[in-house]
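# Sequence plus the predicted model coming up.
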Amino acid sequence: MKVRLRNYQKVHVLIGEIDLSTSTMSRLDSLNIGLRGNVSSLNAQIQAERNKLNKPTTNTFTTAQNQYNNYNNQINATQRNLANAKNAIDSAIYTSEITRLKDLRRPHWRTMENEKKAWNDKINKRIKELEGERSIAEGQIAQNTTDYVRESERLAHNRDTRDSLATERGKIIQDFRQTSNKGNHFIQNYRILEYAVWKRDANGNLPTELFFLWIACCFLLLKFFLP
């Protein structure tokens, strides 16, 4: 009986452990699904930020770019005039004009470069922040995966142990039933014999009959306990 009780208690504990492992694995799986979705979103954001590099849209950059393009167009027109100049005087005039226009264009170029650098620095900082968030999420996914595998192994072990204990418990119950059946047969046979012995003596002479009953009981006990 004590063996059966200990067996039952172990199985009860294992069932609790199995339920806990199943719940934990489900929670870890849900967490990883959410984290993977987060990583995908972060990857999209990182790519979107990278696409903005070298493409500033600030008012300062736009104004400088417009001025730069305006002087560029004037320089190109003057260079065409220079190519078609009829004399040295015209060539000198056009050459001087091109130099002047380039000098006027230069500060706008510097403004554009400075704005582009500031823009890219800001974008790269944002990319670094997003990559940091992604790294954390990927680390959590890796840890959750490790925990999931460990919990899965524990679940498999507990299930195997539970099944083994269930098999053992079934065998104990079967053996107990077989033993009980033998005991029932013994009691039944004893009572039949007892009734027969007591019924045999009509005059109430007990010693001789009780002696035979004792011998019969010993015989039945030997038959019960011996294989």
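Thanks, I have the structure now. Keep in mind the model is a prediction, meaning the values are calculated, not measured. Numbering: from 1, shown residues only.

# How far does the top helix by length along the chain sit from its chain's centre?
Scanning the chain for the helix with the most residues, using DSSP state H, yields helix 88-200. Remark: helix 88-200 is offset 2 Å from the chain centroid, using Cα atoms, centre = their mean, to the nearest Å.

# Quick one: list the elements packing against that helix.
If you count contacts as 3 or more Cβ pairs under 8 Å, 6 or more residues apart in numbering; DSSP states H and E, helix 88-200 packs onto helix 2-51, helix 59-83, helix 206-225. Every residue, glycine included, has its C-beta placed from N, CA and C.

# Between helix 88-200 and the second one, find me the angle.
So that's helix 59-83. 140 degrees (axes from the mean of the first three to the mean of the last three Cα atoms, to 10 degrees).

# Check which residues of helix 59-83 are buried.
Judged by neighbour count using 16 or more other Cβ atoms under 10 Å, the buried positions of helix 59-83 are Phe61, Ala64, Gln65, Gln67, Tyr68, Tyr71, Gln74, Ile75, Thr78, Leu82.

# how close does the residue nearest to the fifth one when sequence neighbours are not counted sit to Thr63?
Nearest in space to Tyr68, with sequence neighbours left out and distances taken as Cβ to Cβ, 6 or more residues apart in numbering, is His108 at 4.1 Å. Here His108 is placed at a distance of 8 Å from Thr63 (Cβ to Cβ, to the nearest Å).
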